[in-house]
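J.: Make a model of this:
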Amino acid sequence: MIESYLIPQAHVLIEEEIKHSRFISLLFHCPHPNDMKLALTDIKQQYPGANHYCYAFVAGSPENTIDMGASDDGEPSGSAGKPMLACLQGAKIGELGVIVVRYFGGTKLGVGGLVRAYTSGIKQGLTQIQTQVKHLRYPARLVCHYAQLTDVEYLVAQYDGVVMDKEFTDKVEIHFELAKSHHQAFNQALATQTQGQLQVKFTVCAMTNLCQNVTQLLNSTQHNLNRTLNAI
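T.: Below is the predicted model:
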């Protein structure tokens, strides 16, 4: 399982006119299938009256084959959604979505022409899109004294970690997530900061990866169920 991958840092918009039809391609950050649904709602408001709103997305890592999807939105089967998705998968960028809006100009393009038209803007956008690295974070816990809490939280943030929860008793129990690549450096800094009083025992194992995969599967199942219910 990969520990990090590229994600979009900002959206890209490409507009083209192909044989009198207007094609508008928007590439954007899409970390969850529901984000595509929200983006479609916004796009339909920004570009009302279009003939087609085709889309594709890879909502997880580039290797994720669960949280992905595509739609031809009325175009001939296989002429839009699937070729668009293939472009995204070939880009090796995760959490990436694209919507292509088409205003029909009166000239039919044929299946081959549609494939080229719906992927043209995506290919251009992929050369322009800015990306950043996302590191997968793993859960950890740490018990410290109240006087150490500020320093611990600072170190977690310094190593791009996220504090998930804190429990206060006679001491403070901190639950946080940190990328595997930072585990060793974090412990070294923590030992220096606390004069060797604190250290975290990280557990990164197959069970952790399994839990992440199960979570992705559950999210995808819920998304499909919601889509089915909306269609009824």
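J.: So, low pLDDT: which residues of the protein?
T.: For the chain, the stretches flagged by pLDDT under 70 are 1, 204-232.
J.: can you give me the helices for it?
T.: 33-46, 81-91, 110-128, 149-158, 183-193, 206-231 (DSSP state H).
J.: In terms of secondary structure, what does the shortest one contact?
T.: Contact here means 3 or more Cβ pairs under 8 Å, 6 or more residues apart in numbering; DSSP states H and E; on that basis helix 149-158 packs against strand 162-168, strand 172-179, helix 183-193. All C-beta atoms are positioned from the backbone trio N, CA, C, and that covers glycine.
J.: Of these, which stretch is the most buried?
T.: strand 172-179 (a mean of 18; mean count of other Cβ atoms under 10 Å).
J.: distance between that one and the chain's centre?
T.: Mean-position distance between strand 172-179 and its chain equals 23 Å (Cα atoms, centre = their mean, to the nearest Å).
J.: quick revisit: mind putting the helices and strands packed on helix 149-158 in TSV, distance to residue 106 included?
T.: Listed next are the helices and strands packed on helix 149-158 as TSV, based on distance: least, Cβ to Cβ, whole Å:
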stretch	distance to residue 106
strand 162-168	52
strand 172-179	52
helix 183-193	60
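J.: Quick check: which of these is nearest to residue 127?
T.: strand 172-179 (28.4 Å; Cβ to Cβ).
J.: what pairs with the closest one, and is each one parallel or antiparallel?
T.: Sheet pairing here is set by DSSP bridges, and for strand 172-179 it gives strand 137-144 (antiparallel), strand 162-168 (antiparallel).
J.: Take those strands and lay them out in a markdown table including distance to residue 50.
T.: Below are the strands paired with strand 172-179 laid out as a markdown table (distance: least, Cβ to Cβ, whole Å):
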| stretch | distance to residue 50 |
| --- | --- |
| strand 137-144 | 39 |
| strand 162-168 | 39 |
